[in-house]
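Chemist: What follows is a predicted structure for the sequence shown.
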Amino acid sequence: QVHLEESGGGLVQAGDSLRLSCAISGGTFYNYAMGWFRQGPGKERELVGAVGRRVDVTWYEDSVKGRFTVSRDDAKNTVYLQMTTLRPDDTAVYYCAAGRAGPWNIPRSVYEYTFWGQGTQVTVSS
């Protein structure tokens, strides 16, 4: 059984940086594209960034481009979300997810991701 576990969330001030980590176990990490989703209060879960099976294949939601960076370390079975210049509207529960994909593809829909972490809260104060 594939298991994902996020860490690194917390309370920060606007303009600060934070790095989330997601460790995957029980599966073959390099078979999966990895996505970072977030869900704010009263909002739908949205994909904010993802990395494909190839480390050079990435995707970002427009509001985080230039501020967030997704990376993966296959040797450590871990994916990261580096967040900089955080804003209050980045406040949400952040989830990592794993989905099977071709080497050049990045799943965009929640339904394309099979395995999910429990989520970690990120709160950005103004």
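Modeler: Looks like it arrived, so ask away. Residues are numbered from 1 along each chain as shown.
Chemist: Can you identify each of the strands in this protein by residue range?
Modeler: Assignment of strands within the chain using DSSP state E yields the ranges 3-7, 10-13, 18-25, 32-39, 46-51, 58-60, 68-73, 78-83, 92-100, 115-116, 120-125.
Chemist: Mean pLDDT added to the ones you listed, as CSV?
Modeler: Below are the strands of the chain laid out as CSV (pLDDT from 0 to 100):
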stretch, mean pLDDT
strand 3-7, 96
strand 10-13, 98
strand 18-25, 96
strand 32-39, 97
strand 46-51, 98
strand 58-60, 97
strand 68-73, 96
strand 78-83, 97
strand 92-100, 97
strand 115-116, 96
strand 120-125, 98
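Chemist: Quick check: which of those strands is buried the most?
Modeler: Most buried of the strands of the chain, by mean neighbour count (mean count of other CB atoms under 10 Å): strand 32-39, with a mean of 24. (C-beta placed from N, C-alpha, C; glycine too.)
Chemist: roughly how far is that one from the heart of the chain?
Modeler: Mean-position distance between strand 32-39 and its chain equals 4 Å (CA atoms, centre = their mean, to the nearest Å).
Chemist: strands paired with that strand, and their directions?
Modeler: strand 46-51 (antiparallel), strand 92-100 (antiparallel) (DSSP bridges).
Chemist: Dump those strands into a markdown table; add distance to Ser71 as well.
Modeler: Rendered in a markdown table, the data for these read as follows (distance: least, CB to CB, whole Å):
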| stretch | distance to Ser71 |
| --- | --- |
| strand 46-51 | 7 |
| strand 92-100 | 12 |
